[in-house]
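# Okay, structure incoming, though there's no sequence with it:
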């Protein structure tokens, strides 16, 4: 009988050029910065712009709600906004329900002149 002797497996020797812990952390920080610049920063800008539009609403401004209802701004309190949907129909909404202010030409998102 022939017995084959095998050597015990050894841990691989560290190779040069493998990333160190500092390089790995650097990549993670770089990826987080890219995510911030591509996703989070533009979202914050849109939120700020939307809040400013809601704060600047004037009587008879046309608005679009998040549920797709078009209405005319009538009044506001701290916790609600009243929209007129028809001559005899007025509905109260949360300020968060206003998705967009409609320009006079009917285009959403455009600011009204003057």
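That came in fine, so what should we check first? This one's a predicted model, so the numbers in the text were calculated from it and none came from an experiment. Numbering: from 1, shown residues only.

# On the three-state scheme, the spatially most central residue of the chain is what?
Centroid check for the chain by CA atoms, centre = their mean gives residue 43 as the closest residue, at 3.5 Å. Following DSSP: H, G, I helix; E, B strand; the rest coil, residue 43 is assigned to helix.

# And it, what's its pLDDT?
For residue 43, the pLDDT comes out at 91.

# same for the strand or helix carrying residue 28, what does it pack against?
Counting by DSSP states H and E, the element that carries residue 28 is helix 21-35. Contacting helix 21-35 under the criterion 3 or more CB pairs under 8 Å, 6 or more residues apart in numbering; DSSP states H and E is no other helix or strand. The way it works is simple: take the backbone N, C-alpha and C, and place the C-beta from them, glycine included.

# contacts for that helix?
Where contact means CB atoms under 8 Å, 6 or more residues apart in numbering, the residues beyond helix 21-35 that reach it are residue 19.

# Centre of the chain to it, how far?
Remark: helix 21-35 is offset 23 Å from the chain centroid, using CA atoms, centre = their mean, to the nearest Å.

# what pLDDT, on average, does it get?
The model assigns helix 21-35 a mean pLDDT of 92.

# Flag every buried residue along that helix.
Judged by neighbour count (16 or more other CB atoms under 10 Å), helix 21-35 contains no buried residues.

# What segments of the protein are strands?
Listed in chain order, the strands of the chain (DSSP state E) span 62-65, 70-76, 81-86, 89-93, 98-102.

# which secondary structure elements does the third one contact?
Counting contacts by 3+ CB pairs under 8 Å, 6+ apart, the secondary-structure elements packed against strand 81-86 are strand 70-76, strand 89-93.

# For this protein, which residues score under the pLDDT cut-off?
1-18, 104-114 (pLDDT under 70).

# picking up where we left off before, next one: the residue nearest to the centre of the chain relative to residue 77, how far apart?
28 Å (CB to CB, to the nearest Å).

# If anything else comes up later, I'll come back, but that's it for now.
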